[in-house]
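Peer 1: okay, here's the prediction I keep looking at, along with the sequence it came from:
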Amino acid sequence: MPQSKEISEDLRKRVVDAHQAGKGYKTISKDFGLRQSLAALRPTDVVLEVGPGTGNMTVKLLEKAKKVVACELDTRLVAELQKRVQCTPLQTKLQIMVGDVLKTDLPFFDVCVANLPYQISSPFIFKLLLHRPFFRCAVLMFQREFALRLVAKPGDKLYCRLSINTQLLARVDHLMKASEWDGLVRIAFIRKNKTLCAAFKSRAIEQLLEKNYRIHCSVHNIEIPQDLRIETKIEQILQETGFSEKRARSMDIDDFMK
């Protein structure tokens, strides 16, 4: 695929973050990239959100961005999304496009956030990469195998034409595995009738969380207190967020997203 050096260099400035997700429910899996999506936003950004569902993530995006253009195929979900922002300050910042994203002319946007089914993943990737004018970045959620193909390197078992074509046009980074989210939910539901404070008091769970916390601090150059007591930190976080006495069986999706 011969291209001029100038075009190639411009395209390489575009970032597509390939986010690996499982086959879970749409509203749950959307939280996998929430932190990354919000971290990438600027107050002046226009965000294209593909598959907003009932708007759990849309509301968070609207609070951070200048505008959100949501593309949704299901008219029932569109109605729920409209109802969610109706008569709120966020209503004027939301534009909804009803229809198939592959058959829709995409508007201008700075950031794209999407959770896509396997069958349209490949055509959407190339529609996105060939979109003009250039966007700044995207946080995308895919099924495991497709995500691994996007980030595969020469010699990898899954290295293929998709890997080459995507990496020619963008820098592709893997952000998170679905299991990282699933692990947190699993802990909460081990003793779903107990409070979260009780659920997280298992010594095995405390050791696991302390290990993960130390890795997190190391990766982000955060100094670990010498007197760190993970059980105290867990209790502090649960109390500050108001979840200490809540039970998993009575928590909804929005609760877990917090």
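Peer 2: Nice, I can see it.
Peer 1: helices or strands up against the longest helix anywhere in the chain?
Peer 2: Looking only at the chain and at elements set by DSSP state H, the helix with the highest residue count is helix 203-219. Applying 3 or more C-beta pairs under 8 Å, 6 or more residues apart in numbering; DSSP states H and E, one finds that helix 203-219 contacts helix 230-241. Every residue, glycine included, has its C-beta placed from N, CA and C.
Peer 1: just to revisit the earlier point, relative to helix 230-241, how tilted is the longest helix of the chain?
Peer 2: With axes from the mean of the first three to the mean of the last three C-alpha atoms, to 10 degrees as the criterion, the two stretches helix 203-219 and helix 230-241 enclose an angle of 80 degrees.
Peer 1: what comes up buried for the helix or strand residue 81 falls within?
Peer 2: Residue 81 belongs to helix 75-85 when elements are defined using DSSP states H and E. Using 16 or more other C-beta atoms under 10 Å as the test for burial, helix 75-85 gives 77, 78, 81, 84, 85.
Peer 1: thought the last one was touching residue 54?
Peer 2: When you say that, I think you mean residue 85. No - with contact defined as C-beta atoms under 8 Å, residue 85 and residue 54 do not form a contacting pair (11.1 Å).
Peer 1: picking that back up, return the distance of the helix holding residue 81 from the chain's centre.
Peer 2: On the basis of C-alpha atoms, centre = their mean, to the nearest Å, helix 75-85 is displaced by 21 Å from the centre of the chain it belongs to.
Peer 1: now swap in stretch 230-244 and tell me
Peer 2: Worked out by C-alpha atoms, centre = their mean, stretch 230-244 lies 24 Å from the chain centre.
Peer 1: span of stretch 48-68 from start to end?
Peer 2: From its first residue to its last, stretch 48-68 covers 6 Å (C-alpha to C-alpha, to the nearest Å).
Peer 1: what residues sit buried inside it?
Peer 2: Taking 16+ other C-beta under 10 Å as the basis for neighbour counts, the residues of stretch 48-68 that come out buried are 48-62, 64-65, 67-68.
Peer 1: picking up where we left off before, closest one of the buried residues of helix 75-85 to residue 193?
Peer 2: In terms of C-beta to C-beta, no member of the buried residues of helix 75-85 lies closer to residue 193 than residue 84, at 30.3 Å.
Peer 1: residues touching the closest one, list them.
Peer 2: The neighbours of residue 84, taking C-beta atoms under 8 Å, 6 or more residues apart in numbering as the test, are 54, 55, 58, 59.
Peer 1: quick one: residue 141 is in a strand?
Peer 2: Yes - assigned with DSSP: H, G, I helix; E, B strand; the rest coil, residue 141 falls within a strand.
Peer 1: tally of neighbours for it?
Peer 2: Residue 141 has 28 neighbouring residues, counting by other C-beta atoms under 10 Å.
Peer 1: what's the spacing between it and residue 69?
Peer 2: Taken as C-beta to C-beta, to the nearest Å, the spacing of residue 141 relative to residue 69 amounts to 18 Å.
Peer 1: low-scoring stretches of the stretch 101-250 of the chain, by residue?
Peer 2: Applying pLDDT under 70 to the predicted model, the residue ranges of the stretch 101-250 of the chain that meet it are 177-183, 191-192, 219-220.
Peer 1: in it, which spans are helices?
Peer 2: 118-129, 144-151, 161-169, 178-190, 196-199, 203-219, 230-241 (DSSP state H, counting those that start in this stretch).
Peer 1: and the nearest residue to residue 50 once chain neighbours are set aside, what does it touch?
Peer 2: Once flanking residues are discounted, residue 50 sits nearest to residue 114: 3.7 Å by C-beta to C-beta, 6 or more residues apart in numbering. With contacts defined as C-beta under 8 Å, 6+ apart, residue 114 is in contact with 48, 49, 50, 51, 124, 138, 139, 140, 141.
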